[in-house]
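Undergrad: what's the 3D shape of this:
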Amino acid sequence: MKKGLYLFLILAMIGCSTTTSYEKIARDGYRVSKADSRFLAKGKNGHSYYKYNDEEARVFMVIEKNVATNELKPLLSFEYRGEDWIYMERVNFRGPQGEVEVDFLRAKFQGAPVQEIPRASGSVVERVLVPVAEESLSELEELMKEQDEVKARYSSRYRERSAEITLTPQEKEGLLTMIRLYNKVKGESINGN
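TA: As a prediction, the model looks like this:
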């Protein structure tokens, strides 16, 4: 009986430790920066990572800042069920008035970090962290600001698989916060601040 209880507790702790935080996605052992614990973390490679502190978001944004070049790279993270959506290749953010597409299949093949998160139910959730073009960020910002309801539709040409989620207000706010932070930090680095 005790062995069964210990095994259950160990498995429960493992399940809790595989949260959907971006630190796990990047797989680089980040520590929180003293400069701004809400937005900034440092990687072992010395790069800075700006983030929105919402570990439960299915869609969120991270900003990578290369310390050698000061180059900023906006990255989007998407969560999808690995067992059903293993071939997913793009996501379309849609509102009643517009749509923004982000293709992530190419990024997966080019070494984008993919995290597999086992669930207690036996299913697997995958997260992928992919670069996003600045013009897509601008379009995404407009979509998030102007639409009350935004849906993310994952799709693949393989067997015409697709799935759709509605972003929560917190997910929308997190994306808007990070897009605005990216624009602010980018402006500061251009101006030499």
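
Undergrad: for the record, mean pLDDT for stretch 170-178?
TA: Taken as a whole, stretch 170-178 has an average pLDDT of 88.

Undergrad: can you pull the buried residues of it?
TA: 171-172, 174-178 (16 or more other CB atoms under 10 Å). Yep, even glycine has a C-beta here, placed from its N, CA and C like the rest.

Undergrad: now, which of the residues you listed lie within strands?
TA: Counting by DSSP state E, no part of those is found in strands.

Undergrad: tell me what the longest helix seen in the chain is packed against?
TA: Longest helix in the chain by number of residues, with DSSP state H as the criterion: helix 169-190. Other helices and strands packing on helix 169-190, by 3 or more CB pairs under 8 Å, 6 or more residues apart in numbering; DSSP states H and E, are strand 48-51, strand 59-65, strand 72-81, helix 134-146.

Undergrad: what angle do strand 59-65 and that helix make with each other?
TA: If you take axes from the mean of the first three to the mean of the last three CA atoms, to 10 degrees, helix 169-190 sits at 20 degrees to strand 59-65.

Undergrad: any low-confidence regions in the protein?
TA: Counting by pLDDT under 70, the chain contains low-confidence residues at 1-56, 81-87, 108-119, 123-124, 159, 188-193.

Undergrad: and the helices and strands packed on helix 169-190: which comes nearest residue 126?
TA: Of all those, it is strand 72-81 that lies closest to residue 126, at 5.7 Å by CB to CB.

Undergrad: what pairs with that closest one, parallel or antiparallel?
TA: strand 59-65 (antiparallel), strand 124-131 (antiparallel) (DSSP bridges).

Undergrad: in the longest one, what counts as buried?
TA: Looking back up the chat, that one is strand 124-131. Of the residues in strand 124-131, those scored as buried under the neighbour-count criterion (16+ other CB under 10 Å) are 125-131.

Undergrad: pull the longest helix of the chain out as CSV, backbone CA atoms only.
TA: Output of helix 169-190 as CSV, limited to C-alpha atoms (Å, rounded to 0.1, in the frame of the first residue of the first chain):
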residue,chain,number,x,y,z
PRO,A,169,-9.2,37.1,-22.5
GLN,A,170,-6.0,36.4,-20.5
GLU,A,171,-4.3,34.8,-23.6
LYS,A,172,-5.3,37.8,-25.7
GLU,A,173,-4.0,40.3,-23.1
GLY,A,174,-0.8,38.3,-22.8
LEU,A,175,-0.2,38.5,-26.5
LEU,A,176,-1.0,42.2,-26.7
THR,A,177,1.3,42.8,-23.7
MET,A,178,4.2,41.0,-25.3
ILE,A,179,3.7,42.6,-28.8
ARG,A,180,3.7,46.1,-27.1
LEU,A,181,6.8,45.1,-25.1
TYR,A,182,8.5,43.9,-28.2
ASN,A,183,7.8,47.2,-30.0
LYS,A,184,9.0,49.2,-26.9
VAL,A,185,12.2,47.2,-26.5
LYS,A,186,12.9,47.2,-30.2
GLY,A,187,12.5,51.0,-30.2
GLU,A,188,14.9,51.3,-27.2
SER,A,189,17.6,49.2,-28.9
ILE,A,190,17.3,51.2,-32.1
